[in-house]
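> 3D model of this:
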Amino acid sequence: MEKKELNKLNPSNETIQLQLEEFIKGLGLKLFGFTHGQVVKNYQSYFNQRPEHVVSPFETGKTEEKCKLSAHFISIAFPYAHDVTSKGQANFSIYVRGKDYHQVVQSYLDQICQFIEDLGYEAKGFVDSNQLPERLIAALAGVGFLGRNSTLITEEFGSYVFLGEIQTNLPLTVNQKFSKPGNYDQCGTCQNCIKACPVSILGSDYVDTTSCLSSLTQQKQLSGEQLLSLNGRLFGCDTCQMVCPFNRDKGHRGLIDFKPFDYMSSPDLQELLNLSKSLFKNKYAITSAGWRGKALLSRNALVALANKGELPETLESGSPMVQEAYIKLKTTGEPDKL
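Numbers count the residues shown, from 1 in each chain. Below is the predicted model of the structure:
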């Protein structure tokens with residue numbers, strides 16, 4: 001029997017959706033919502049009208065080229081925050097301190113897709129590394145709202161969530177109540193993130209994510225001034241999230257899958273600077289900070305040492321990236337504390 005024939009034997013669409021919701025909740029996922037491709041297209045101007053220089057490579061292309069306009073979308077929030085404090089001057093962003101979220105989220109999505117496929121429908125999961133406007137989809141699905149710091153903010157978990165999407169032809173009743181992207185009603189008059197941003201990229205109509213310190217920590221070619229601006233950030237930046245009122249008391253609510261490793265919460269800069277291939281593979285490649293490679297983490301550790309006034313007198317690294325950064329740091333001079 002073909003899958004299309006199975007649909008005729010299935011219970012009502014409402015019953016199927018209830019079964020799906022119970023299945024998702026049974027996985028320990030509390031926050032999710034539904035929207036439609038056409039609804040996403042109706043709000044595509046929120047993304048498509050941004051100047052080219054503020055658009056990252058993952059966000060190119062028109063909305064209709066990224067998703068099927070006839071499809072339904074399931075948006076799911078995966079809370080990750082456990083300990084939101086930083087120990088010491090150098091730190092990894094909260095979101096990279098545990099297991100690589102790409103693998104964890106994809107595992108959940110695969111289970112949900114299989115459930116949908118067993119009902120005779122098609123389903124495909126997406127997590128991060130794709131061209132879907134995931135924050136927009138989440139907002140339209142009622143999962144949360146888009147804040148002034150450009151993050152997706154939820155009521156229960158704040159902005160400390162990863163997002164995953166499932167595109168499916170399963171008939172679903174979609175969310176009808178959502179905050180219009182870009183109006184920042186829920187933020188009110190609060191401008192904490194705008195005032196706190198170290199590189200002053202918040203507050204305009206569009207956020208230049210290419211200049212965000214989180215992005216800079218992941219770029220392999222940086223000037224001496226850009227290197228020093230990292231100011232102890234080993235991978236990612238949490239500044240705009242830490243000052244957000246919606247994130248107050250939202251720590252320790254993350255899924256157990258994202259429990260942080262001790263060595264990521266209290267990083268050893270010397271270990272990172274002298275990172276071996278085996279140590280990188282066993283400790284850091286299993287996190288979300290590993291995808292840019294060993295040399296980048298070593299370089300950022302070197303920068304963090306420079307920010308502390310502990311730049312080595314001499315350095316001979318086998319990595320061209322690290323050696324080049326060392327020369328730039330020596331040339332640039334002592335950092336200003338940002």
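
> quick one, phi/psi of Phe73?
Reported as degrees, to the nearest 10, the phi and psi values for Phe73 are phi -120, psi 140.

> And for it, the neighbour number?
Other residues near Phe73 number 26, with proximity taken as other C-beta atoms under 10 Å. No exception for glycine: its C-beta is placed from N, CA and C like everyone else's.

> Tell me what it is bridged to.
Beta bridges link Phe73 to Thr35, Gln167 when assigned by DSSP bridges.

> wait, it sits on Gly37?
Yes: applying C-beta atoms under 8 Å, one finds Phe73 in contact with Gly37, separated by 6.8 Å.

> how about the helices of the stretch 151-300 of the chain, start to end?
Per DSSP state H, counting those that start in this stretch, the stretch 151-300 of the chain carries helices over the ranges 192-196, 213-216, 224-229, 239-242, 262-265, 269-273, 277-279, 294-307.

> Can you give the distance of stretch 40-47 from its chain's centre?
Averaging C-alpha positions (C-alpha atoms, centre = their mean, to the nearest Å) puts stretch 40-47 20 Å from its chain's average.

> residues contacting the residue nearest the centre of the chain?
In the chain, the residue lying closest to the centroid (C-alpha atoms, centre = their mean) is Phe162, at 5.6 Å. Residues near Phe162 by C-beta atoms under 8 Å, 6 or more residues apart in numbering: Ala77, Phe78, Tyr80, Tyr95, Tyr101, Val105, Val127, Asp128.

> Verify the contact between the fifth one and Ser107 for me.
No: the pair Tyr101 / Ser107 is not scored as a contact, 10.4 Å apart, by C-beta under 8 Å.

> Compare neighbour counts for those two and give me the winner.
Counted by other C-beta under 10 Å, Tyr101 and Ser107 do not tie: Tyr101 has more neighbours, with 22 against 13.

> Just the pLDDT at the more buried one, thanks.
According to the model's per-residue confidence, Tyr101 sits at a pLDDT of 97.

> neighbours of the nearest residue to Asn247 once chain neighbours are set aside, just the number please.
In space, not counting the residues next to it along the chain, Asn247 is nearest to Gly158; the distance is 3.7 Å by C-beta to C-beta, 6 or more residues apart in numbering. The burial metric for Gly158, expressed as a neighbour count using other C-beta under 10 Å, is 25.

> ditto for Lys195
Other residues lying near Lys195 total 12 when counted by other C-beta under 10 Å.

> contacting residues for it?
Each residue near Lys195 by C-beta under 8 Å, 6+ apart is listed here: Val243.

> and the gap between it and Gln114?
Distance, Lys195 to Gln114, using C-beta to C-beta, to the nearest Å: 46 Å.

> Also Thr15?
19 Å.

> how long is stretch 130-141 end to end?
19 Å (C-alpha to C-alpha, to the nearest Å).
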